[in-house]
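**Q** got a predicted structure plus its sequence, pasted below:
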Amino acid sequence: HERLEDVWIKRAAARLNSSIGEVGSIVPMAMIMGGATVGSSLAFSVLPLRAPAHAIPASHKPPQFLASGASGGSRPVASVAAVASAVVAAALSAAAAKRPATPRVRVRRAAAVSGEEVGAMGRRGSVLAGCAASAITGLELVWPKPAAAAEKLTKQAVEKAKADLEQIIKADPNKGPTLVRLAWHSCGSYDKVSKTGGSGPGTIRFKEELAHGGNAGLDKAVAWLEPVKQSNPSVSYADLYTLAGVVAIKALGGPDVPWRAGRVDSMTPSDVTPDGRLPNAYNGSAPKDVSHLRDVFGRMGFNDQEIVALSGAHALGRCHADASGFVGPWTPTPTTFNNLYFKLLKNSTWEEGCIKGETCKNPQYRDAASQQFMMLPTDIALLKDDSFKKYVDLYADDQKVFFQDFSKAFSTLLELGTKNLYAVV
């Protein structure tokens, strides 16, 4: 960081002292400037640590910016000298306003008699007041604002972001399921007891959260959405990730999912919750898988019906050995949102093993007939529990009911860990 040179301090102090001797000796002046220097140094040694760490390729060197939160783009970091100068100017103005009456008072009285207007602080005080105003502006430029949405999103802003997201999915429909997974995992860290986690702070963009086992491969989705964020700076990352899931579900043939805006991005990875809050696909046995599902989703506040409805998102996408260790698609239509996941789960015969021609790292199931489709152990667990199974049967037989229940449960999921959300109209 830039430092104030000793010679600069001496010259500036001497000049200021000679100009406004009424303020006092050079000692308090030096103390003010020294304090500003130290304070500024501390500020700029801490503030960069609070800048968000996005999933950016290692080969790319990001510019040095401080984020301003959900309300807009980033702010350039100013030098320590700028902060020190601003603080000194503000202090001098305050001192000038409070200085005792001097012979200059007689000048002001004489001017008053002659009809000339002179401010309460005199000409020099007015100049210093101007410096104070500049100081406030300077501090505004270099001090980061709280991560709060200054204005509500307009319908036009949201529609533009939606259009950009739709373009990504149209260009490559296989990205749609991953965007749904990103939205779901950005919310699935919520704990209703401690009130931590959830989609509110948008922490899944931090490398610390992307490193969680359940988030393997989602760094790619975060990178896909970075240009959308830059093109739509008024939309917070947290809003963008959840909106991407809503748009993807609809674009791939699924239901409309109610969505509200107003999530405020965290500026620090310290808000990342501990690893282990997302569901594990395999827990050793069917009874343990059943208990695990209830434990994890129950921590978020979901009941058995909602657990099964949310599991229906497995109609989309596939598993990859290099990400989860599981391999294969759940259905023959991995880019179409439908109830085929439940139909296959209910009506097919499932056996342990990897799909044909693939090697799996973890235990999974395949359909015995074609050996082309897979189910996770936690998918099969939905058949092993009577309370879960009745909803599997319901959704397998009625796609309309599934869409209705999924839409409601997914909308609830997207709002975990949020506050002060609002509908965009």
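**A** Ah, there it is. What you see is a predicted model, and the numbers here were worked out from it, not measured in a lab.
**Q** only C-alpha atoms for contact and neighbour calcs from this point on.
**A** Noted.
**Q** residues in contact with Lys152?
**A** Counting by Cα atoms under 8 Å, 6 or more residues apart in numbering, Lys152 makes contact with Gly262.
**Q** isn't there a helix covering it?
**A** No - using DSSP: H, G, I helix; E, B strand; the rest coil, the assignment for Lys152 is coil, not a helix.
**Q** now it: phi and psi?
**A** The phi/psi pair for Lys152 (degrees, to the nearest 10) reads phi -70, psi 150.
**Q** name the nearest residue to Lys250, sequence neighbours excluded.
**A** Spatially, and ignoring its direct neighbours in sequence, Lys250 is nearest to Asp256 (5.9 Å; Cα to Cα, 6 or more residues apart in numbering).
**Q** do I have it right that that neighbour meets Leu243?
**A** No - in this structure Asp256 lies outside contact range of Leu243 using Cα atoms under 8 Å: 11.6 Å.
**Q** which one of those two is surrounded by more residues?
**A** Leu243 (25 against 17; other Cα atoms under 10 Å).
**Q** how many neighbours does Pro274 have?
**A** 11.
**Q** in which helix or strand would I find it?
**A** Here Pro274, judged by DSSP states H and E, is contained in no helix and no strand.
**Q** do a quick rundown of the strands in this protein.
**A** Taking DSSP state E as the test, the strands found in the chain are 65-67, 74-76, 318-319, 328-329, 350-352, 365-367, 374-375.
**Q** quick one: strands adjacent to the fifth one?
**A** So that's strand 350-352. Paired with strand 350-352 in the same sheet, following DSSP bridges, are strand 365-367 (antiparallel).
**Q** again, but for the fourth one
**A** If you go by DSSP bridges, strand 328-329 pairs up with strand 318-319 (antiparallel).
**Q** what mean pLDDT does the strand it pairs with have?
**A** Mean pLDDT, computed over strand 318-319, is 96.
**Q** which residues sit against that strand?
**A** Gly325, Phe326, Val327, Gly328, Pro329, Trp330, Pro334.
**Q** ok now do the first one, which residues does it touch?
**A** Contact analysis of Gly325 by Cα under 8 Å, 6+ apart lists Cys319, Cys360, Lys361, Asn362.
**Q** where does this protein have low pLDDT?
**A** Flagging of the chain using pLDDT under 70 yields the residue ranges 1-150.
**Q** change it to 50
**A** Scanning the chain for pLDDT under 50 picks out the ranges 1-9, 13, 16-94, 96-97, 101-121, 126-129, 131-150.
**Q** what about Ser199, distance to Lys288?
**A** Separation of Ser199 from Lys288 (Cα to Cα, to the nearest Å): 28 Å.
**Q** those two - which one has more neighbours?
**A** It is Ser199, of Ser199 and Lys288, that has more neighbours when counted by other Cα under 10 Å, with 30 against 14.
**Q** dump the residue contacts of the more buried one.
**A** Ser199 neighbours (Cα under 8 Å, 6+ apart): Ser186, Cys187, Gly188, Tyr190, Ala238, Thr242, Arg263, Leu414, Glu415, Leu416, Gly417, Thr418.
**Q** farthest-apart pair in these, please.
**A** Pairwise distances across the contacts of Ser199 (Cα to Cα) peak at 15.4 Å, for the pair Gly188 and Arg263.
**Q** which of those two has more residues huddled nearby?
**A** Taking neighbours as other Cα under 10 Å, Gly188 and Arg263 compare with Arg263 leading, 28 against 23.
**Q** how about the nearest residue to that one, chain neighbours excluded?
**A** Closest residue to Arg263 apart from its sequence neighbours, by Cα to Cα, 6+ apart: Gly200 at 5.0 Å.
**Q** what distance do you get for the one you found to Gly298?
**A** For Gly200, the distance to Gly298 equals 19 Å [Cα to Cα].
**Q** kindly report the same for Leu316.
**A** 24 Å.
**Q** next one: Ala248
**A** Distance of Ala248 to Gly298, given as Cα to Cα: 26 Å.
**Q** neighbour count: these two, which is higher?
**A** Taking other Cα under 10 Å, Ala248 and Gly298 do not tie; Ala248 has more neighbours (27 against 15).
**Q** give the closest residue to the more buried one in space, chain neighbours not counted.
**A** Among residues not flanking Ala248 along the chain, Gly176 sits closest, at 5.1 Å (Cα to Cα, 6+ apart).
**Q** appreciated, that's everything.
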